[in-house]
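**Q** Coordinates only, no sequence provided:
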């Protein structure tokens, strides 16, 4: 029944487009807000902890170990980890007013170009055409220094690198140092929903995963930047899927190693054997079936910026209490790791107003296959189609040993998507690599972008790496 509801919801989300200026059900919104705020004043719920989220993660680990093992046809599922911590206590009674204060920030209502201009930075917008004719939007904060290409993660966009504001946003900090900052947008997100011949309403528009992003989008962006600036090399910084797609490009198109002076991976995702995220673990065993069903019913896109999603976000995410429990803790944290320690609660409304940015279902399915196969390899279409496409029944692994670019891997133990064991496995296959563990067991997947202490923990490391080039 849950699967039927989920697929039906996805179908509605994928078919509805437009803008909503007023909430569709104002009475429901008001009653929901009042109920939630009264609920969180109860003593038993006022002081909530990481335990609920991590108990779910542990439970999902138990529930999915058998299906994942069966899917792999050998071995056992990813091991369970100790997930409880006494350092993640948060009082929702304190959280809610801080979040409400953040909702007054004008940045909640501004687009990326408006944000960049508001804070006094110059802005250019460029259109990049890929070899397979997708039209990608790339934003630029022009400077005279070396070009740096920033690439976002799954369901993200170029916005991710400016949402923390000029004090902590990576794009701003790099521009302040004199770097020529280019903000990429992968095909399918809200800024890159165009093609020379296809429309987003065409199913074939969405027939891609992060494989195609690495094979087509990144090389096209790189060549465009080098041609525009006259430089011979670009510095690449990626987060999450932005690292995955780079590993695809640099391993399958090794000539781009000579066009990249350095690659910095924030929360690197390649091998996913030990992923802790309960959402990914739940989806992984049934990923191929879910992908087939969604394709058959015409749902090739997940979480686009459409009328229904905006309406739901307004009802659930734009009132303080529901945002605290639904949009932040139950969604972001269950995907990337649960911790309030580094979360800038005041800035959370700004972040939620820009995410999610849209992605193809095939991108999710491809990651799920990595959990099941325990390998970093191309998309699995099944033995028959694999034989036709690859010449064998099993998809080929990405030859990451061919990546000669100097790679810096920044990771943490609290990241539920990039497990340290998987990062070390990747590192052992890269010939030119340094690893930088974040020694903080509360630093999660999204803190690599939005942490309130991002400058001290992440940017200073990035700055030192860049100074050594």
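**A** All right, it came through fine. These numbers come from a predicted model, not from an experiment.

**Q** which residue ranges form the helices in the stretch 251-400 of the chain?
**A** Shown for the stretch 251-400 of the chain, the helices assigned by DSSP state H, counting those that start in this stretch span residues 278-283, 287-296, 307-317, 320-322, 333-336, 348-352, 361-373, 383-390.

**Q** tell me, which of the ones you listed is the model least confident about?
**A** The weakest mean pLDDT among those belongs to helix 320-322, with a mean of 52.

**Q** What residues of stretch 413-421 count as buried?
**A** 413-419 (16 or more other C-beta atoms under 10 Å). Glycine gets a C-beta too; all of them are placed from N, C-alpha and C.

**Q** With respect to residue 205, which of those residues is nearest?
**A** residue 417 (26.4 Å; C-beta to C-beta).

**Q** Kindly reformat the buried residues of stretch 413-421 as JSON lines containing pLDDT, distance to residue 356 and secondary structure.
**A** Shown next, in JSON lines, are the buried residues of stretch 413-421 (pLDDT from 0 to 100; distance: C-beta to C-beta, whole Å; DSSP: H, G, I helix; E, B strand; the rest coil):
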{"residue": "413", "pLDDT": "93", "distance to residue 356": "26", "secondary structure": "coil"}
{"residue": "414", "pLDDT": "91", "distance to residue 356": "22", "secondary structure": "coil"}
{"residue": "415", "pLDDT": "94", "distance to residue 356": "19", "secondary structure": "coil"}
{"residue": "416", "pLDDT": "92", "distance to residue 356": "17", "secondary structure": "coil"}
{"residue": "417", "pLDDT": "93", "distance to residue 356": "15", "secondary structure": "coil"}
{"residue": "418", "pLDDT": "96", "distance to residue 356": "19", "secondary structure": "coil"}
{"residue": "419", "pLDDT": "95", "distance to residue 356": "23", "secondary structure": "coil"}
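
**Q** Farthest pair within those residues?
**A** Spatially, the most separated pair among the buried residues of stretch 413-421 is 413 and 417, at 12.3 Å (C-beta to C-beta).

**Q** where along this protein do the strands fall?
**A** 47-48, 90-91, 124-129, 134-141, 147-151, 180-183, 194-195, 234-239, 260-266, 301-302, 359-360, 407-412, 433-438 (DSSP state E).

**Q** and residue 446, which of these is closest to it?
**A** It's strand 234-239; of those, that one is closest to residue 446 (C-beta to C-beta) at 9.3 Å.

**Q** what angle separates the closest one from strand 407-412?
**A** Relative orientation of strand 234-239 and strand 407-412, computed by axes from the mean of the first three to the mean of the last three C-alpha atoms, to 10 degrees: 20 degrees.

**Q** List the pairing partners of strand 234-239 within its sheet, with orientation.
**A** strand 147-151 (parallel), strand 260-266 (parallel) (DSSP bridges).

**Q** what's in contact with the shortest one?
**A** The contact list for strand 147-151 (C-beta atoms under 8 Å, 6 or more residues apart in numbering) reads 158, 161, 170-171, 174, 179-184, 186, 218, 221-222, 225-226, 229, 231, 234-239, 242, 245-246.

**Q** I only care about these that end up buried; give me the ChimeraX line for that.
**A** Paste this into ChimeraX to select the buried members of these, with burial taken from 16+ other C-beta under 10 Å:
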select :158,161,170,171,174,179,180,181,182,183,184,186,218,221,222,225,229,231,234,235,236,237,238,239,242,245,246
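
**Q** For residue 325, report the pLDDT, please.
**A** 52.

**Q** cool, and residue 403?
**A** 98.

**Q** What spatial separation is found between it and residue 213?
**A** Here the criterion is C-beta to C-beta, to the nearest Å. By it, residue 403 lies 16 Å from residue 213.

**Q** now do residue 446
**A** Using C-beta to C-beta, residue 446 is found at 20 Å from residue 213.

**Q** Which residue of the two possesses the greater neighbour count?
**A** Neighbour totals were compared for residue 446 and residue 213, and residue 213 leads with 30 against 27 (other C-beta atoms under 10 Å).

**Q** Now do the contacts for the more buried one.
**A** When contacts are counted by C-beta under 8 Å, 6+ apart, residue 213 touches 186-187, 241, 245, 248.

**Q** I appreciate the help and will end here.
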